[in-house]
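Chemist: got a structure for you, letters missing:
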């Protein structure tokens with residue numbers, strides 16, 4: 001299947017979809033989806049979300065919907081025929097921009113004709129309307145392309161049917177690390193048909209108004225920090241907020257509550273900053289000193305929470321970890337090669353927003369090949385495919401355990417450093433004093449309660 005029937009799926013595509021979907025749910029410890037009820041049934045759909053983490057954003061939309069979706073991407077990546085064929089196979093259509101040259105813009109009409117066919121076939125289209133990813137959790141100015149596509153697709157159908165744009169927000173606990181959580185929230189759909197009369201009279205104004213409405217619909221579904229200058233401060237203060245709200249994000253409920261708490265915290269901090277122009281500079285200096293020490297001592301702010309690590313609890317955790325260490329070592333030894341290769345490749349990526357994309361893609365391929373090779377080797381040596389499956393399953397489970405047990409060991413090491421720090425009255429007093437000063441300001445301004 002190629003460009004001519006991109007809305008259809010082949011057997012190979014369906015197999016690849018299920019495999020990558022399964023691995024996506026392994027890659028993220030939790031993939032939480034909210035607002036599914038906002039997705040209209042039996043409608044022509046366009047999904048539009050914020051864009052912060054390269055390929056992973058697109059995969060979140062694809063696997064969140066649970067069925068094939070056709071994506072639109074900039075046309076310059078389609079220049080090589082071999083790559084274009086792969087992109088068409090993956091259900092990606094080219095969109096030409098003014099910067100690609102005025103002579104190429106007419107080719108968009110072919111794309112719009114394709115999108116009309118895709119939508120009529122009941123297959124949604126997904127677009128990341130910011131046009132580029134950003135490390136800052138802020139919705140960048142949306143490009144008008146998504147609105148032009150919606151209107152021109154409708155125009156190619158003589159405005160005979162409505163097109164629904166479903167806004168979505170994506171939030172990661174970490175852009176770069178596997179084993180973290182990913183939150184996808186769908187918002188209320190926007191009817192493009194509401195703008196048809198205005199579009200016939202004034203296309204530019206209709207496009208601008210639709211874009212503005214879409215932007216306002218996406219913002220409440222994501223963590224949006226309007227003040228880019230102090231984004232680092234906001235990020236650090238959100239770590240303190242997580243400790244105060246006692247939501248670690250380890251559970252589904254905790255993750256959702258933390259997202260809501262963070263949005264409320266940002267709103268209150270924004271309001272306080274508008275009332276006091278010196279607030280953010282004061283917090284900036286205190287925050288820099290505090291988090292520099294946090295990094296220096298190798299601890300986390302969450303250790304200041306209600307359940308501070310005690311010596312006894314820490315010792316019992318270490319004892320249990322020692323007992324489980326053989327399983328950890330077995331899993332690490334068996335999976336070392338397929339784990340290490342993606343780690344090396346992703347470590348060379350300069351743009352941090354591409355780290356998890358490279359890691360996901362490379363690890364999917366290396367683990368798949370590794371376990372196929374293991375299955376073939378064990379089957380050949382033992383003559384039993386059942387034994388080969390058992391060996392592969394054991395290796396996979398022990399590898400998964402080793403990955404999360406390693407994270408657990410790192411946390412234990414941090415707790416130990418925190419316990420040691422508490423015994424040093426001077427250093428711990430300096431650190432806790434800075435934290436208390438930050439909290440005092442936040443409480444005074446009613447940012448925290």
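Modeler: Yes, it's here. Keep in mind that this is a model prediction, so the values were computed, not measured.
Chemist: tell me the spacing between residue 308 and residue 432.
Modeler: The spacing between residue 308 and residue 432, counted by C-beta to C-beta, to the nearest Å, is 11 Å. All C-beta spots, glycine's among them, are computed from the backbone N, C-alpha and C.
Chemist: make that residue 281, sorry
Modeler: Distance of residue 281 to residue 432, computed by C-beta to C-beta: 23 Å.
Chemist: got it, and residue 50?
Modeler: As judged by C-beta to C-beta, residue 50 and residue 432 stand 36 Å apart.
Chemist: ok, now residue 207?
Modeler: To residue 432, residue 207 is 54 Å away according to C-beta to C-beta.
Chemist: looking at these two, which one has more neighbours?
Modeler: Between residue 207 and residue 432, counted using other C-beta atoms under 10 Å, the more crowded position is residue 207 (20 against 14).
Chemist: and the residue lying closest to that one once chain neighbours are set aside, how many neighbours?
Modeler: Closest residue to residue 207 in three dimensions, ignoring its sequence neighbours and counting by C-beta to C-beta, 6 or more residues apart in numbering: residue 147, at 4.3 Å. The burial count assigned to residue 147 is 28, neighbours taken as other C-beta under 10 Å.
Chemist: and residue 147, what element?
Modeler: Residue 147 belongs to helix 145-156 when assigned by DSSP states H and E.
Chemist: tell me the SS of residue 166?
Modeler: Here residue 166 takes the strand state, with states given by DSSP: H, G, I helix; E, B strand; the rest coil.
Chemist: oops, could you answer that again for residue 309 instead?
Modeler: coil.
Chemist: wait, it sits on residue 411?
Modeler: No. Using C-beta atoms under 8 Å as the test, residue 309 is too far from residue 411 to be in contact (9.2 Å).
Chemist: tell me the pLDDT at the residue sitting furthest away from the middle of the chain?
Modeler: Centroid-distance maximum for the chain: residue 383 at 43.1 Å, with C-alpha atoms, centre = their mean. Listed pLDDT for residue 383 reads 91.
Chemist: residues contacting it?
Modeler: Not one residue lies near residue 383 by C-beta atoms under 8 Å, 6 or more residues apart in numbering.
Chemist: one step back: residues touching the helix holding residue 147, excluding its own?
Modeler: 46, 48, 72, 95, 97, 108-109, 111-113, 115-116, 119, 125, 127, 129, 131, 161, 163, 165, 192-193, 195-196, 199, 203, 206-208, 210-211, 214.
Chemist: among those residues, which ones are buried?
Modeler: 46, 48, 72, 95, 108, 111-112, 115-116, 119, 125, 127, 129, 131, 163, 165, 192, 195-196, 199, 203, 206-207, 210-211, 214 (16 or more other C-beta atoms under 10 Å).
Chemist: in this protein, which spans are helices?
Modeler: Here the chain has its helices, by DSSP state H, at 11-27, 54-65, 81-89, 108-120, 145-156, 196-201, 203-218, 231-245, 252-275, 279-297, 311-347, 355-382, 385-422, 425-444.
Chemist: and the last one, which residues are buried?
Modeler: Right, helix 425-444. Buried-residue list, helix 425-444, by 16+ other C-beta under 10 Å: 431, 434-435, 438, 441-442.
Chemist: make JSON lines out of those and add pLDDT and distance to residue 182.
Modeler: JSON lines is the format used below for those (pLDDT from 0 to 100; distance: C-beta to C-beta, whole Å):
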{"residue": "431", "pLDDT": "97", "distance to residue 182": "32"}
{"residue": "434", "pLDDT": "97", "distance to residue 182": "32"}
{"residue": "435", "pLDDT": "97", "distance to residue 182": "29"}
{"residue": "438", "pLDDT": "97", "distance to residue 182": "29"}
{"residue": "441", "pLDDT": "97", "distance to residue 182": "33"}
{"residue": "442", "pLDDT": "97", "distance to residue 182": "28"}
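Chemist: and the residue nearest the centre of the chain, what does it touch?
Modeler: Among the residues of the chain, the one closest to the centroid is residue 172, at 4.3 Å (C-alpha atoms, centre = their mean). By C-beta under 8 Å, 6+ apart, the residues touching residue 172 are 52-53, 56, 180-183.
Chemist: for stretch 442-449, the distance to its chain's centre please.
Modeler: Counting by C-alpha atoms, centre = their mean, to the nearest Å, stretch 442-449 is centred 30 Å from the centre of its parent chain.
Chemist: what does stretch 55-75 give?
Modeler: Remark: stretch 55-75 is offset 12 Å from the chain centroid, using C-alpha atoms, centre = their mean.
Chemist: buried stuff in that stretch?
Modeler: For stretch 55-75, by 16+ other C-beta under 10 Å, it's 56-65, 68-73, 75.
Chemist: try stretch 139-147
Modeler: 139-140, 142-143, 145-147.
Chemist: same check, this time on stretch 305-318
Modeler: Using 16+ other C-beta under 10 Å as the burial criterion, the residues of stretch 305-318 that qualify are 309, 317.
Chemist: cool, stretch 333-346 as well?
Modeler: Result for stretch 333-346 [16+ other C-beta under 10 Å]: buried residues 334-335, 338-339, 341-342, 345-346.
Chemist: again with stretch 321-337
Modeler: Within stretch 321-337, the residues that count as buried by 16+ other C-beta under 10 Å are 328, 330-332, 334-335.
Chemist: okay, those in JSON lines with pLDDT and distance to residue 82 next?
Modeler: Output for these, formatted as JSON lines (pLDDT from 0 to 100; distance: C-beta to C-beta, whole Å):
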{"residue": "328", "pLDDT": "96", "distance to residue 82": "42"}
{"residue": "330", "pLDDT": "96", "distance to residue 82": "41"}
{"residue": "331", "pLDDT": "96", "distance to residue 82": "38"}
{"residue": "332", "pLDDT": "96", "distance to residue 82": "38"}
{"residue": "334", "pLDDT": "95", "distance to residue 82": "35"}
{"residue": "335", "pLDDT": "96", "distance to residue 82": "32"}
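Chemist: where in the stretch 201-350 of the chain is pLDDT low?
Modeler: By pLDDT under 70, the low-scoring segments of the stretch 201-350 of the chain are 247-250.
Chemist: the same query, at a cut-off of 90, please.
Modeler: Scanning the stretch 201-350 of the chain with the threshold set as pLDDT under 90 gives 245-254, 305-310, 349-350.
Chemist: how close does the residue nearest to the centre of the chain sit to residue 230?
Modeler: 21 Å.
Chemist: and for residue 301?
Modeler: 18 Å.
Chemist: swap in residue 123?
Modeler: Distance of residue 123 to residue 230, given as C-beta to C-beta: 42 Å.
Chemist: what do you get for residue 325?
Modeler: From residue 325 to residue 230 the distance is 44 Å (C-beta to C-beta).
Chemist: same check on residue 203?
Modeler: Using C-beta to C-beta, one obtains 38 Å as the distance from residue 203 to residue 230.
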